[in-house]
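> Predicted model and sequence follow; I will ask about them next.
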Amino acid sequence: MSQKPQGTALSNCPGCEEPLEPGDLFCGACGYDLSAVPAAPQDHPTIALNVPAESGTEAGAAEVRFDRRDTSDEPAEPGGPAGSGGSAGSGAPGESGDFELAAPAPPAAAPASAPDPRTPAAEPLAATPPAGTRVCVACRAGSVDTDGYCENCGHAQPRERDHMEQELGSVAAVSDRGLRHHRNEDSFAVSTTALPDGSWAVVAIVCDGVSSASRPDEASAAAASAANEALLESLPRGIHPQQAMHEAILAAAEAVNALAQEPGRAMEHERHRHQNAPACTLVGSVVADGLLVVGWVGDSRVYWVPDDRANPPARLTEDDSWAAQMVAAGLMNEAEAYADERAHAITGWLGADAYELEPHTASFKPDRSGLVVVCTDGLWNYAESAAEMAAAVPADAHQRPLHGAQVLVGHALDGGGHDNVTVALLPFAVEPQGAGSACGTP
C-alpha cells in the first residue's frame, strides 16, 4: 500500500541479489532500504589466507562468507550448527583395579615454550544468552536485537505479526506478511458485543499500513484497536450501527494522528527514509439487528458473497484511489484504470497528513444468508471483481469462517503474495424470504 507510485531502477537487491518488483521500497527478502542505495562496491575476489604447511599437513585457506538470506519463514533444523550446545569431552580419568607400590618417578617437565603461531587456537563456544533473552531460531545461540535480527548469525527472526489468526464465535480473521514484504503492516480486530435488546453485534475491522509513510505497522495497529474499542463502547448504548461506524473511523483517525506526535523507533531499513506521518487505510463491517453496515477510508474492500451461489455477489465499497477517480470521472474504463501504474495510489487515508478525512459508511439489509468478506488489497489484487472473490471463497466458509479465511490468504500467496494479506469473514444468516437482490439499502 503506498500513497503515490514509487519506483526503482534496480532489478536486483544490492544486499542479497533477490529479484525486485517495480515499486519496491525495500527488499522483501533482507529488508535492504532501496531509497538509499550506495554506490556499487568494487569487486574484490576472495583472498585465500595460506598457512605454511607442516610435516604431514597441507596448507589451508580460510574464507569468510555472509549469508543474507531471510530464513524467518523456514523451520530451524534440529541440532543447529557449532556453538548451539556441543562441547568437547571432559577427559575424566577412569578407575583402576590395581595399586602399584613402586611407581616410577615422572620425567622432569620440559621447559615452557611459546605457542606455535602456525597452530590455530580453538574457537570458544558461543556464550549462552542471558535468561529471558530471545534466542535465534536459526543458530540457536545468538540473542536477537531490537530490530529482530540475530546478533550472532544475522538472520531475521519470525515476528508475531508475520502470521496472525483469530476466531471469535461466528467471525474469523487471518493476516499474513506475504512473500515479498519483510514485515506485516496490516492489522485487524474482531469482536462481539450485546445490544440493548439482548441480540448480538459482530464487528470486524481491517487496516492496511501505508508503506510510503513511516511506522505503517504502528498506524494500522492503532487504528484497528481504536475503531474496535469505539464500536464496543457505542453499540451497547443503542447507537445506530451506521452512526457507530462513522464515530469509530473518527476515533481511529485520532489514534493514528497521535502517533505523529510520538517519537517512534526507526527500524534498521528505515533510518535513511524520509520520516513522514504514520498512515493507514481502514475498512470495517458490523452485523447487527438484521443490518449489514460497512465503513471505510482508503482502498481496502468489503464483498458480499451469498451462500446460494446462484445469486450474484457484490462489492459494497468504492476505493479512495486514483483508478477509482478516473473511472468515476469517465476518463477511463475500469480495466484501463487498474492497468495503469498509478492505479493503487490512494486518495484517502488516516493520518496527520491526510488532505481531508471523509469517512464512508453504508447500510444494507440482505434478504438472504451470505458471507461478508472484509479485506486489504493484498487479497483483492488476486480476486478483484465480486465474481472472482466469490469463486475464491470456499463453499462452506459460512460454516467454517476461519478455514475460509485461511483459504483466501492461501489464494493470495499462491498468486504471488506481493503484499501483506488480511481478510475477515462474517457470516450473515437470515430466514429465506423469496427471490430478490443479494443485498439492498434499507
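Nice, I can see it.
> Work out for me the element the closest residue to residue 397 other than its chain neighbours sits within.
Among residues not flanking residue 397 along the chain, residue 404 sits closest, at 2.9 Å (C-beta to C-beta, 6 or more residues apart in numbering). All C-beta atoms are positioned from the backbone trio N, CA, C, and that covers glycine. Taking DSSP states H and E as the definition, residue 404 sits inside helix 401-414.
> What is that helix packed up against?
strand 163-168, strand 171-176, strand 370-375, helix 377-380, helix 386-392, strand 421-428 (3 or more C-beta pairs under 8 Å, 6 or more residues apart in numbering; DSSP states H and E).
> re the thing from before, how near is the residue nearest to residue 397 to residue 426?
11 Å (C-beta to C-beta, to the nearest Å).
> Can you check which residues contact both of the two?
Residues touching both residue 404 and residue 426 (C-beta atoms under 8 Å, 6 or more residues apart in numbering): residue 371.
> average pLDDT for the helix or strand that contains residue 363?
In the assignment (DSSP H and E), residue 363 maps to strand 360-364. For strand 360-364, mean pLDDT is 97.
> Let me know the angle separating it from strand 421-428.
30 degrees (axes from the mean of the first three to the mean of the last three C-alpha atoms, to 10 degrees).
> got a list of what the residue nearest to residue 397 touches?
With C-beta under 8 Å, 6+ apart, residue 404 has these contacts: 172, 371, 393-394, 396-398, 425.
> Narrow those residues to those that are buried.
172, 371, 393-394, 397-398, 425 (16 or more other C-beta atoms under 10 Å).
> okay, those residues in TSV with distance to residue 213 and pLDDT next?
Below are the buried ones among the contacts of residue 404 laid out as TSV (distance: C-beta to C-beta, whole Å; pLDDT from 0 to 100):
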residue	distance to residue 213	pLDDT
172	29	98
371	32	98
393	31	98
394	35	97
397	33	97
398	36	95
425	28	98
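> nearest spatial neighbour of residue 382, skipping sequence neighbours?
residue 415 (3.8 Å).
> ok so, going back, now the helices and strands packed on helix 401-414 in TSV, please, with extra columns for distance to residue 309.
Formatted as TSV, these follow (distance: least, C-beta to C-beta, whole Å):
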stretch	distance to residue 309
strand 163-168	24
strand 171-176	20
strand 370-375	10
helix 377-380	19
helix 386-392	7
strand 421-428	15
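> Tell me which of these lies nearest to residue 299.
Of all the helices and strands packed on helix 401-414, it is helix 377-380 that lies closest to residue 299, at 5.6 Å by C-beta to C-beta.
> Counting by contacts, list what the closest one packs against.
Partner elements for helix 377-380 (3+ C-beta pairs under 8 Å, 6+ apart): strand 301-306, helix 401-414, strand 421-428.
> Looking at those, which one is packed in the most?
strand 421-428 (a mean of 29; mean count of other C-beta atoms under 10 Å).
> what lines up beside it in the sheet?
strand 171-176 (antiparallel), strand 370-375 (antiparallel) (DSSP bridges).
> any weak-confidence spans in the stretch 251-400 of the chain?
Along the stretch 251-400 of the chain, the parts satisfying pLDDT under 70 run over 263-275.
> Run through the strands of this structure in chain order.
163-168, 171-176, 186-194, 200-209, 279-288, 291-297, 301-306, 314-315, 350-351, 360-364, 370-375, 421-428 (DSSP state E).
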